[in-house]
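Chemist: Starting from these lines, generate the structure:
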Amino acid sequence: MLLALLVTGILLGRYFNCQPVNYGIWCGVLVLFGLVSIVLVYQKNKCSWLAIAGMILLLGLVRYFGAMNMGPLDIENWVEQEITVTGELVGAPVIRLDNEGKRHIKYVVNCQQLKVGGESSDTHGKIVLYARDTSYDDHKGHLLGVEGDEVFGRSGDSITVRGRLRKLHDYQNPGRMDMVMSQRAQGIHGQMAAGKYSIELSLQDKDVLGRLADRIRTLYSKKMEAVMPKEDSSAIFAMLFGGYGGIRPELLEAFAVTGLIHILSVSGSHITLMAGTANVFGKVLGLSGAMTAGLATLIIGVYSLLAGFTTPVIRSAIMGILTILALTMGREKDAQHILSITALGILLVWPLSLFDISFQLSFGATAGLLYLSPKIRKQLGRKMPRFMAGSLAVTMGAQLAVLPFLVWYFNVVSISSLLANILVEPIVELIIVISLMAGIVVGLLPVVGKLIFIGASLLLGAAYELSRGIARLPASQVYVPTMNYGFWLLYYGVLGLYIAPSEKRQKLFGMFKERIRKPGKRKGIIAGLVMLLVIGGIVYDRYPRELQVHFIDTLIPSLIQRKSPQSRYSGAEGIF
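Modeler: Below you'll find the predicted structure:
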């Protein structure tokens, strides 16, 4: 209940979009509600819960405003200006090679100082910086401020760049991921494209742990490239640490259709896999529940460090550690409460995480595993083998919990994901586990480590062929139009009834049946349902239809197909 109120407050803050001048007023109202709540609780007033609910609602509102309000020194105050900014690299740069062999480099820079028109100032906030090979040139072919192999910088290095700071932007298509809010949730408030001769790097002895993680990831990449094709090493590296660079498009498409694309980005599923691996080791070694929980925490912590300790990884790790601790100790009910408390804490610290797809899917899938999967497993276990029922229950629980989000963001439901999760996902999870182990073994027993990497490559080929075959099945992926918020309420209301205790559900249905039996009440219920259908039909009829534009991949690069709201198609050529 508290979590629902906090979420509602954050959503109201987004809806009202209050300006900074009113922030103090909202804080004052929050303090007033807090004082009233204390007095009413002290007096044991029956209405004290209303004051507490209002206080939590306002807390969500205030936390949203606080996260969105810029301070006077925030880097966002200088958008659309030519500036020189100095800061520190957050994590290793992401480097991509295009078809011509040219590098495209992406940095996240924690800004510290800037210079505008000859005047210097302190600043704070992060920006995304896009650069190319020529951005580091000093007009004579020499790279500025770099040494040895560290040409493009390391986590913690100092960087100075000149250019125009741009405002974060995103397309406003219905259902599209809100990348602006997702970036703001990570403290990123602007973006810049570096021109020629505009970047200077300075090596610093900082972020020792981050650099150690970078070196380990680089070691994994080099060892895998030495014994397997480049495309395979890129795919397995993405499975281990996230990213899409160097992966063949056919594999991406097959994973997307079969609902396995989440494997290529570090999320709650990776954290759950690490905890499950620790649980297996605990059983093999005969460890107690507490020791197994400690081992799971250690493995999750080390893996999170290797994955870069980004905000989404930290959130998933916190949620995973606390939930797994409760599950390992056999306290499933406590795990459900811990999940809610963890989400409550995350939203209090990072309120904008609510609008980040990573948090939404991680929390939703974990909730599905804790609330839906046990009931589904119990029902399926009566009609099929236990291992198959367990695998299907995990998949269905996670998928059902996040279905509205998948429909909203991607407009597709992967029917084939049920089959893929039984046949392909265990192979992919095995690839992740043995590849992580191979990186450790290769330092002690090089030949054995290389053989494990080769085995992982062969397993990847099997996973690819299986996922591609499943993706080709009829109706493997079903298109679903973007649903409105009424559908969300109805859907989660039905799920709520499904997971509710049987006695409460029977009591609710009993009350409904009792009302239907009374002639007067029956007519009122029927009239209400008819009215809802009529209103729904009118709203649907007047709801603005979406215009769809498809850019067709042909020899004519500017050929498009237009689908009108009345489902009429037309083609066009030209420059757009």
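Chemist: And the residue nearest the centre of the chain, its phi and psi?
Modeler: Geometric centre of the chain, nearest residue: residue 358, 1.0 Å, by CA atoms, centre = their mean. Here is the backbone geometry of residue 358 (degrees, to the nearest 10): phi -60, psi -50.
Chemist: Touching, it and residue 315? I think so.
Modeler: Yes: judged on CB atoms under 8 Å, residue 358 makes contact with residue 315 at a distance of 7.3 Å. Every C-beta, even on glycine, is put in place using the N, C-alpha and C of the backbone.
Chemist: Next up, the contacts around residue 262.
Modeler: 269, 361 (CB atoms under 8 Å, 6 or more residues apart in numbering).
Chemist: scratch that, residue 436 is what I was asking about
Modeler: For residue 436, counting by CB under 8 Å, 6+ apart, the contacting residues are 240, 303.
Chemist: pLDDT value on it, please?
Modeler: Confidence per residue is given as pLDDT, and for residue 436 that number is 89.
Chemist: What residues of the helix or strand containing it count as buried?
Modeler: Residue 436 belongs to helix 425-444 when assigned by DSSP states H and E. Within helix 425-444, the residues that count as buried by 16 or more other CB atoms under 10 Å are 425, 428-429, 431-436, 438-439, 441-442.
Chemist: and the angle for the helix or strand just after that helix with helix 425-444?
Modeler: Towards the C-terminus, the helix or strand next in line after helix 425-444, according to DSSP H and E, is helix 446-471. In terms of direction (axes from the mean of the first three to the mean of the last three CA atoms, to 10 degrees), helix 446-471 departs from helix 425-444 by 160 degrees.
Chemist: Would you indicate which residues of helix 446-471 are buried?
Modeler: 449-450, 452-453, 455-457, 459-460, 463-464, 466-471.
Chemist: Could you pull out the buried residues of stretch 55-69?
Modeler: 55-65, 67-68.
Chemist: Show residues contacting that stretch.
Modeler: Counting by CB under 8 Å, 6+ apart, 2, 5-14, 16, 18, 20, 22-23, 26-27, 29-30, 33-34, 37, 184, 347-348, 350-352 sit against stretch 55-69.
Chemist: go on, stretch 111-128?
Modeler: In this structure, residues lying in contact with stretch 111-128 by CB under 8 Å, 6+ apart are 71, 73-76, 78, 81-88, 90, 106-110, 165, 183, 186-192.
Chemist: Just the terminal-to-terminal distance for stretch 375-390.
Modeler: The first residue of stretch 375-390 is 11 Å away from its last residue (CA to CA, to the nearest Å).
Chemist: right, I mislabeled it, should have said stretch 185-199
Modeler: Using CA to CA, the span of stretch 185-199 from its first residue to its last is 26 Å.
Chemist: Tell me the buried residues in that stretch?
Modeler: Judged by neighbour count (16+ other CB under 10 Å), stretch 185-199 contains these buried residues: 185, 186, 187, 188, 189, 190, 191, 192, 194, 198, 199.
Chemist: In helices, which of those fall?
Modeler: Taking DSSP state H as the definition of helices, the buried residues of stretch 185-199 contribute residue 185.
Chemist: and the two most separated of the buried residues of stretch 185-199?
Modeler: Distances among the buried residues of stretch 185-199 were taken as CB to CB; the most separated pair is 185 and 198, at 28.2 Å.
Chemist: can you give me the helices for the stretch 201-350 of the chain?
Modeler: Secondary structure of the stretch 201-350 of the chain, counting by DSSP state H, counting those that start in this stretch: helices at 208-225, 230-241, 249-257, 268-285, 289-306, 311-328, 332-349.
Chemist: Show me the one of those that comes nearest residue 44.
Modeler: If you check each of these against residue 44 by CB to CB, helix 332-349 wins as the nearest, at 25.2 Å.
Chemist: Now find how far off-centre the closest one is within its chain.
Modeler: 17 Å (CA atoms, centre = their mean, to the nearest Å).
Chemist: Next, count neighbours for residue 506.
Modeler: Residue 506: 11 surrounding residues under other CB atoms under 10 Å.
Chemist: was I right about residue 424 contacting residue 261?
Modeler: No: contact criterion CB under 8 Å: residue 424 and residue 261 do not qualify, at 11.9 Å.
Chemist: Pick out whichever of these two has more residues nearby.
Modeler: Neighbour tally, residue 424 and residue 261, criterion other CB under 10 Å: the higher count belongs to residue 424, 27 against 17.
Chemist: What's the separation between the more buried one and residue 465?
Modeler: 10 Å (CB to CB, to the nearest Å).
Chemist: ditto for residue 362
Modeler: Using CB to CB, one obtains 29 Å as the distance from residue 362 to residue 465.
Chemist: can you tell me which strand in the protein is longest?
Modeler: Across the chain, the longest stretch assigned as strand under DSSP state E is strand 103-116.
Chemist: average pLDDT across that one?
Modeler: Averaged across strand 103-116, pLDDT comes to 90.
Chemist: neighbouring strands for whichever helix or strand comes after that strand, and are they parallel or not?
Modeler: For strand 103-116, the succeeding helix or strand toward the C-terminus, using DSSP H and E, is strand 119-122. Taking DSSP bridges as the criterion, strand 119-122 forms sheet pairs with strand 103-116 (antiparallel).
Chemist: Buried residues, the partner strand. List them.
Modeler: Here strand 103-116 shows 103, 105, 107, 108, 109, 110, 111, 114 as buried, counting by 16+ other CB under 10 Å.
Chemist: Output that strand in CSV with nothing but the alpha carbons.
Modeler: The C-alpha atoms that make up strand 103-116 are tabulated as CSV, following Å, rounded to 0.1, in the frame of the first residue of the first chain:
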residue,chain,number,x,y,z
ARG,A,103,35.5,4.3,-34.5
HIS,A,104,32.5,5.8,-32.8
ILE,A,105,33.1,6.4,-29.1
LYS,A,106,30.5,7.1,-26.4
TYR,A,107,31.4,8.5,-23.0
VAL,A,108,29.5,9.4,-19.9
VAL,A,109,31.3,12.4,-18.3
ASN,A,110,30.8,13.6,-14.8
CYS,A,111,31.2,17.4,-15.3
GLN,A,112,33.2,19.4,-12.8
GLN,A,113,34.2,22.6,-14.4
LEU,A,114,33.2,24.6,-17.5
LYS,A,115,34.3,27.7,-19.4
VAL,A,116,31.9,29.9,-21.3
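Chemist: picking that back up, and residue 383, which of the helices of the stretch 201-350 of the chain is closest to it?
Modeler: Between residue 383 and the helices of the stretch 201-350 of the chain, the shortest separation by CB to CB is 23.0 Å, and it involves helix 332-349.
Chemist: helices or strands up against the closest one?
Modeler: Helix 332-349 makes packing contacts with helix 2-16, helix 48-68, helix 311-328, helix 357-367 when contacts are defined by 3 or more CB pairs under 8 Å, 6 or more residues apart in numbering; DSSP states H and E.
Chemist: Name the nearest residue to residue 365, sequence neighbours excluded.
Modeler: Residue nearest to residue 365 in three dimensions, not counting chain neighbours: residue 398, with 4.1 Å by CB to CB, 6 or more residues apart in numbering.
Chemist: Before I go, just wanted to say thanks for your time.
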